[in-house]
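K.L.:
Build me a model from this:
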Amino acid sequence: MAQTDTLQKNEYIKTFPNQLALKLSYVNTENRFNYFQDENSERQEFKAIPNKKDRILLGVQYRSIEANIGISPNWLRGNKTSDSIDSKIYNINAKGFYKGWIQTLTIYHQRGFNLEENGQTRDAPFLETNKVGGSTAYSFNENFSYRATIGQKEKQTKSVGSVLYKVSYDYTNFVMESSGFDHNVNSLNLGITPGYYYNYVFSKNLFLAAGADIGLGLNYNDFGDNSIFSSVFLIAGSATLGFNFDKFFGGVYTNLSTRRYKGSNFIKLNDNIRYIEFFVGYRLKAPKILNKTADKVNEKLNLPTKEQLEQ
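P.N.:
Numbering: from 1, shown residues only. Here you go, the predicted structure:
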């Protein structure tokens, strides 16, 4: 008996359990941060702007797993800087889904900045940041597909929205001594950011998804000889306009986020203050060995197998 490649989970969601999806993306983003330093009773502010802003991502999607790896070659328009040879960006993004749970993980390394102070700019080719972050979220509406919002792992067939409760966290190591600063810095953020997302289906294969998160959290900075705790207000918004056929999918995804700190804080992050992604993808039948291996893992973890999904 022939097995179908797509399944109608319910009247709102269409899934692709037997397919492996490949996605190619072009990303433009700026991950800036501000650094404050007191010297001789005078407060100095440095604005660190990364040299590389454009990336190419290759993504793979299969069942509940989605992973991306990115490169940032010098020939991209946003990466043409005077010291682009020393500048680097590496990142790995992964997402996992189980029922209403959504787990994300990001590993990010960037090297090479321009430093602005009092209107003057200097190169900082050895300044670098190393980040590990993620979020854990839960959707309260089983008819809402977050996978159809980002990545198009599923297909939303009817318009619907959902409240998402999310916990966000990230750790960043700032390597700054090599660029003339007194010390390196370690920064930790933890926040609770509930939000609301809505998928609007124009027609059978066209959609618009949008949502926003607002919340509060704590920030901890370690400067080696001292440390600082402060509260932080977090706000983020995103939108996706795209198409989603059984085989082909694509569109444009945008994300804006900001953090506002209360009290004294030497490091101020504007992470993903501007993020734009253009993407296209294609779904194909997953190899049988991959399905069998995934089913064995699902059985051990007490998760649905391919046959159970098709019932």
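K.L.:
Residue ranges in the protein under the pLDDT threshold?
P.N.:
1-9, 38-42, 77-78, 80-86, 263-264, 269-273, 301-311 (pLDDT under 70).
K.L.:
longest single helix anywhere in it?
P.N.:
helix 288-300 (DSSP state H).
K.L.:
and it, which residues are buried?
P.N.:
The neighbour-count check on helix 288-300 (16 or more other Cβ atoms under 10 Å) flags 291, 294-295, 298 as buried. To be clear about C-beta, it is placed using only N, CA and C from the backbone, and glycine gets the same treatment.
K.L.:
helices and strands around it, which ones?
P.N.:
helix 306-310 (3 or more Cβ pairs under 8 Å, 6 or more residues apart in numbering; DSSP states H and E).
K.L.:
If we use 10 Å, what do you get?
P.N.:
strand 54-62, helix 306-310 (3 or more Cβ pairs under 10 Å, 6 or more residues apart in numbering; DSSP states H and E).
K.L.:
Please put the alpha-carbon coordinates of it into CSV.
P.N.:
In CSV, the C-alpha atoms belonging to helix 288-300 read as follows (Å, rounded to 0.1, in the frame of the first residue of the first chain):
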residue,chain,number,x,y,z
LYS,A,288,13.8,4.9,4.2
ILE,A,289,16.8,4.5,6.5
LEU,A,290,16.1,7.9,8.0
ASN,A,291,12.5,7.1,8.6
LYS,A,292,13.4,3.8,10.2
THR,A,293,16.0,5.4,12.5
ALA,A,294,13.7,8.1,13.5
ASP,A,295,10.9,5.6,14.3
LYS,A,296,13.3,3.6,16.5
VAL,A,297,14.3,6.8,18.4
ASN,A,298,10.6,7.8,18.7
GLU,A,299,9.7,4.3,20.1
LYS,A,300,12.4,4.7,22.8
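K.L.:
can you count the residues close to L284?
P.N.:
When neighbours are counted by other Cβ atoms under 10 Å, L284 registers 11.
K.L.:
That one bridge partners, please.
P.N.:
L20 (DSSP bridges).
K.L.:
Phi, psi for D225 please.
P.N.:
phi -100, psi -10 (degrees, to the nearest 10).
K.L.:
Not counting sequence-adjacent ones, nearest residue to it?
P.N.:
H183 (7.0 Å; Cβ to Cβ, 6 or more residues apart in numbering).
K.L.:
ok, back up a step: just put the buried residues of helix 288-300 in CSV and tack on distance to L115.
P.N.:
Shown next, in CSV, are the buried residues of helix 288-300 (distance: Cβ to Cβ, whole Å):
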residue, distance to L115
N291, 51
A294, 48
D295, 53
N298, 50
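K.L.:
Between those, which sits nearest N51?
P.N.:
Nearest to N51 among the buried residues of helix 288-300, counting by Cβ to Cβ, is A294 at 40.4 Å.
K.L.:
What about the spatially closest residue to the closest one that is not a sequence neighbour, how many residues nearby?
P.N.:
Nearest non-adjacent residue to A294, counting by Cβ to Cβ, 6+ apart: R63, 6.1 Å away. By other Cβ under 10 Å, the residues close to R63 number 24.
K.L.:
how far away is R63 from A209?
P.N.:
Here R63 is placed at a distance of 21 Å from A209 (Cβ to Cβ, to the nearest Å).
K.L.:
same thing with L57?
P.N.:
For L57, the distance to A209 - Cβ to Cβ - is 19 Å.
K.L.:
More neighbours: those two, which one.
P.N.:
Shown here are L57 and A209; by other Cβ under 10 Å, A209 has more neighbours (25 against 18).
K.L.:
got the contact list for the more buried one?
P.N.:
Counting by Cβ atoms under 10 Å, 6 or more residues apart in numbering, A209 touches 144-146, 148-150, 152, 156, 161, 197-201, 238-242, 251, 253.
K.L.:
From those, which land in helices?
P.N.:
Using DSSP H, those in helices are 146, 148-149.
K.L.:
Let me have those residues in CSV, adding distance to S139 and neighbour count as columns.
P.N.:
Output for the ones in helices among the contacts of A209, formatted as CSV (distance: Cβ to Cβ, whole Å; neighbours: other Cβ atoms under 10 Å):
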residue, distance to S139, neighbour count
Y146, 6, 24
A148, 12, 26
T149, 10, 24
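K.L.:
Going by residue numbers, what spans are strands in the stretch 101-250 of the chain?
P.N.:
101-117, 120-139, 155-156, 160-175, 185-192, 195-201, 206-222, 227-244, 248-262 (DSSP state E, counting those that start in this stretch).
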